[in-house]
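Asks: I'll drop the sequence and a predicted model, then ask my questions.
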Amino acid sequence: MKNNQFVPAATYEKQLVQLKDKFSLLEKRLSLKADEIVFTMAVSHRKEIDQLKDEVIYLREQVKELKRTGQHRPLPVPPRKISAG
């Protein structure tokens, strides 16, 4: 547009509303994506915690067994669950 031309108020308002709607949609999509990422991380951390808990339980049982038998021999490596990612 040339410097001496004006945008009609109705056109300006319409474009402003469209821009606000686009920003609102973008904000919602960004928020949804952030929620998905946080959920994925929480699930991953939960799996790690469960694996560590299983290892602690296994080691606790091994210590109990050693105390019970009085044996001081190398222990087998505890079984590890294979993570799907």
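Replies: Yep, that arrived. None of these values were measured; they are calculated from a predicted model. Residues are numbered from 1 along each chain as shown.

Asks: tell me which stretches of this protein form helices.
Replies: In the chain, the segments counted as helices under DSSP state H are 9-69.

Asks: nearest residue to the middle of it?
Replies: Centroid-nearest residue in the chain, with Cα atoms, centre = their mean: residue 41, separated by 2.2 Å.

Asks: state the distance from that residue to residue 29.
Replies: Residue 41 sits 19 Å away from residue 29, going by Cβ to Cβ, to the nearest Å. For every residue, glycine as well, the C-beta is placed using N, CA and C.

Asks: likewise for residue 13?
Replies: Distance from residue 13 to residue 29, by Cβ to Cβ: 25 Å.

Asks: same thing with residue 57?
Replies: Using Cβ to Cβ, we find residue 57 at a distance of 42 Å from residue 29.

Asks: ok, residue 69 next?
Replies: For residue 69, the distance to residue 29 equals 60 Å [Cβ to Cβ].
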